[in-house]
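**Student:** The following block contains a protein sequence and its predicted model.
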Amino acid sequence: MIDVVSVASEAHPLIKTGGLADVTGALPAALAAHDVTVRTLLPGYPAVMGALEGGRVVAEMPDFFGGFGRLLAGRGGGLDIIAIDAPHLYDRPGNPYVGPDRKDWPDNWKRFAGLSFAAYEIGRGLLENYRPDVLHCHDWQAGLTPAYVAFNAPTRAKTVMTVHNIAFQGRYEWSIFNDLRIDFRAAQENAIEYFGGIGFLKAGLQTADALTTVSPTYALEIKGPAYGMGLEGLLQVRAEHLTGILNGIDIHEWDPMTDLKLVQHYSHNSIEQRAGNRQALAQRFGLDDAPGPMFSVVSRLTWQKGLDMLVEVADDLVAAGGKLIVLGSGDAEIENGLAGAAMRHPGKVGFVRGYDEPLSHLIQGGADVMLVPSRFEPCGLTQLYGLRYGCVPLVSRVGGLADTVIDANEAAVEAGVATGIVFAPATVEALREAIRRTARLYGRDKVWRKMQRRGMKSDVSWELSAEKYAKLYRRLLGMNENADSND
Ligand code: ADP
Ligand code: GLC
């Protein structure tokens, strides 16, 4: 049995702003099948404290980054949770990172140094009768944990640093150094210094025993300047420690045969039943019932996701006979652009601004196409939900999108292996052409249906990838395993 602390700033269904939460929420159950027990360390935001069942105090930290802190252990959202109850840092409603003004909380460095430090303390044996083998750190918010382990008193726990998105790095002024409680050697050995300041993700990438990211292609991409966002040099140096392990999805929560958020259930043998969901969607988004493919987006509306390009091609999409529905929020310019497109094309384009988990399921279960035209995409989950739900993904050929969707070129269509439409490069012109190509494919009923069915049958579960994480833990711990697998 291997004991792992998953150190994360979000976990579905307790607190979620994106795919990170889906991963940290679903991976523990998948790892259980491989003799790995996971406890999830989370900041005690109101949503976490409120969901904690049977919480009991397992440690006190009287001087915890400017106030009193304690650790509570309990169940929550199907997970074994250790919550950091430190109201001066985490007792704030809403989004975990930004205040009501949509700006980062000014003390985020302290909030997530706290998360990282608590993980390190647990690794050192802070909890009675609990000695984790591995501290699995997710994204920059947990990036200091491996640095504490490397420079403060040693632990026997190994550290894994997983990059979900290298665009978010946790960069701060050097002046916070003295308040981080990290040994001075961290400064001397250049481990946390980053362009004159401090980099939380950099610290983790420099010091963790193993590095992973969430798809094989992204693992290659971030070693180069086009995607490495300044960290490519360090990743080249540590390349032998870096692997890409593809995300899976929770196939029980996301199952079109049982999903309670759908109007109509269906399987790959009854895809025509999706019509009920499609109709409900058309109503919700104010679309007319003229024929033609219904393109959809469920996303943060940001430059990463390429949705400014979608604004530019919305008119062409409608001209190609398509309709478009978008659920999301983010950059004001993209929001305004989409609202404008909806005004120009009543009955053809619908935009719901906001975050709505149940509606996201209905979209996957009813729309024809899941559009993900990202400029970069570490893994991406919405295309995986799309595959599982027969909502054919149209994606750019980057990161995990390239690793999960098989393009419907004629050879792939002929061979019956296509699962979606893949385009490159991520430009307005290529997106426009991909939308036209998709509309043409949609017109070929049999081909389209086959593609949907093929997607629905593809394995998007956690099974294979959970095994890879389990193997990685075992390798780090020097545990025997039938050595060379070919991954
Ligand atoms: P990222 O983490 O970069 O935002 P992913 O594709 O990995 O991208 O994960 C996004 C997750 O957030 C998915 O579960 C998606 O369904 C969900 N999501 C994004 N925007 C919304 C929204 N507006 N309403 C509901 N769910 C959303
Ligand atoms: C990040 C990435 C996304 C990935 C998710 C979960 O938010 O942007 O591509 O799927 O993390 O790993």
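**Tutor:** Cool, the structure landed. Ligands and ions are numbered 1, 2, ... in the order given.
**Student:** switch to C-alpha atoms for all contacts and neighbour counts from now on
**Tutor:** OK.
**Student:** quick one: average pLDDT of stretch 206-221?
**Tutor:** Averaged over stretch 206-221, pLDDT sits at 98.
**Student:** Does that stretch reach ligand 1?
**Tutor:** No: for stretch 206-221 and ligand 1, the contact criterion (Cα under 6 Å from any ligand atom) is not met; the two come no nearer than 9.5 Å.
**Student:** mind listing what's buried in that stretch?
**Tutor:** Along stretch 206-221, these residues count as buried under the neighbour rule (16 or more other Cα atoms under 10 Å): 206-221.
**Student:** Out of those, which is nearest to ligand 2?
**Tutor:** In terms of Cα to the nearest ligand atom, no member of those lies closer to ligand 2 than Val214, at 5.5 Å.
**Student:** Quick check on that closest one: phi, psi?
**Tutor:** When quoted as degrees, to the nearest 10, the phi and psi of Val214 stand at phi -100, psi 10.
**Student:** May I have the residues that are in contact with it?
**Tutor:** Applying Cα atoms under 8 Å, 6 or more residues apart in numbering, one finds that Val214 lies in contact with 162-164, 244-247, 378-379, 400.
**Student:** And for Pro293?
**Tutor:** Pro293 makes contact with 321-323, 368-369, 439, 442, according to Cα under 8 Å, 6+ apart.
**Student:** Among these, which ones lie close to ligand 2?
**Tutor:** Intersecting those with the surroundings of ligand 2, defined as Cα under 6 Å from any ligand atom, gives nothing.
**Student:** Let's see if you can find the most crowded of the residues you listed.
**Tutor:** The member of these surrounded by the most neighbours (other Cα atoms under 10 Å) is Val369, with 30 neighbours in all.
**Student:** What separation do you get for it and Ile334?
**Tutor:** Distance check for Val369 against Ile334: by Cα to Cα, to the nearest Å, it reads 20 Å.
**Student:** Which stretches in the stretch 201-350 of the chain count as helices?
**Tutor:** Using DSSP state H, counting those that start in this stretch, the helices of the stretch 201-350 of the chain run over 216-221, 225-228, 232-237, 274-285, 307-319, 332-344.
**Student:** Among the contacts of Val214, which ones are in strands?
**Tutor:** For those, membership in strands holds for 162-163, 244, with DSSP state E as the criterion.
**Student:** from those, which is closest to Leu307?
**Tutor:** The shortest approach to Leu307 among the ones in strands among the contacts of Val214 belongs to Val163, at 22.8 Å (Cα to Cα).
**Student:** in the sheet, who's paired with that closest one?
**Tutor:** Judged by DSSP bridges, the bridge partners of Val163 are Thr213.
**Student:** returning to that earlier point: of the helices of the stretch 201-350 of the chain, which is nearest ligand 2?
**Tutor:** Closest approach to ligand 2 among the helices of the stretch 201-350 of the chain is made by helix 216-221 (9.2 Å; Cα to the nearest ligand atom).
**Student:** I'd like the C-alpha coordinates of that closest one written as PDB, please.
**Tutor:** Extracted as PDB, the C-alpha positions of helix 216-221 are listed here (Å, rounded to 0.1, in the frame of the first residue of the first chain):
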ATOM      1  CA  PRO A 216       2.800  13.400 -23.700                       C
ATOM      2  CA  THR A 217       2.600  16.100 -26.400                       C
ATOM      3  CA  TYR A 218       2.500  18.900 -23.800                       C
ATOM      4  CA  ALA A 219       5.600  17.200 -22.100                       C
ATOM      5  CA  LEU A 220       7.400  17.700 -25.400                       C
ATOM      6  CA  GLU A 221       6.000  21.200 -26.100                       C
END
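**Student:** For the remainder of this discussion, apply numbering that starts at 41.
**Tutor:** Fine by me, first position is 41 from now on; the one you just mentioned is helix 256-261.
**Student:** How about the residues of the stretch 391-527 of the chain by ligand 2?
**Tutor:** 417-421.
**Student:** who touches the nearest residue to Gly109 once chain neighbours are set aside in this structure?
**Tutor:** On the basis of Cα to Cα, 6 or more residues apart in numbering, the spatially nearest residue to Gly109 that is not a chain neighbour turns out to be Ala126, at 4.4 Å. Contacts of Ala126 were listed using Cα under 8 Å, 6+ apart, and they are 83-84, 104, 107-110.
**Student:** Now do the strands in the stretch 341-490 of the chain.
**Tutor:** Taking DSSP state E, counting those that start in this stretch, the strands of the stretch 341-490 of the chain run over residues 363-370, 389-393, 409-412, 432-436, 461-463.
**Student:** So which of those strands is nearest ligand 1?
**Tutor:** Checking those against ligand 1 by Cα to the nearest ligand atom gives strand 363-370 as the closest, at 3.4 Å.
**Student:** Check whether that closest one comes near ligand 1.
**Tutor:** Yes: Strand 363-370 lies within reach of ligand 1 by Cα under 6 Å from any ligand atom, at 367-369.
**Student:** out of those residues, who has the most neighbours?
**Tutor:** If you rank the residues of strand 363-370 next to ligand 1 by neighbour count (other Cα under 10 Å), Leu367 sits at the top with 22 neighbours.
**Student:** in the protein, what spans have low per-residue confidence?
**Tutor:** Low-confidence segments of the chain (pLDDT under 70): 521-527.
**Student:** check contacts around the residue in it sticking out farthest from the centre.
**Tutor:** Here the centre of the chain is the reference, and by Cα atoms, centre = their mean the most remote residue is Ala330, at 35.1 Å. Contacts were defined as Cα under 8 Å, 6+ apart; by that measure Ala330 touches no other residue.
**Student:** And for Gly284?
**Tutor:** Gly284 sits next to 252-259 when contact means Cα under 8 Å, 6+ apart.
**Student:** ok, for Gly117, nearest residue in space, not its chain neighbours?
**Tutor:** Among residues not flanking Gly117 along the chain, Pro53 sits closest, at 5.7 Å (Cα to Cα, 6+ apart).
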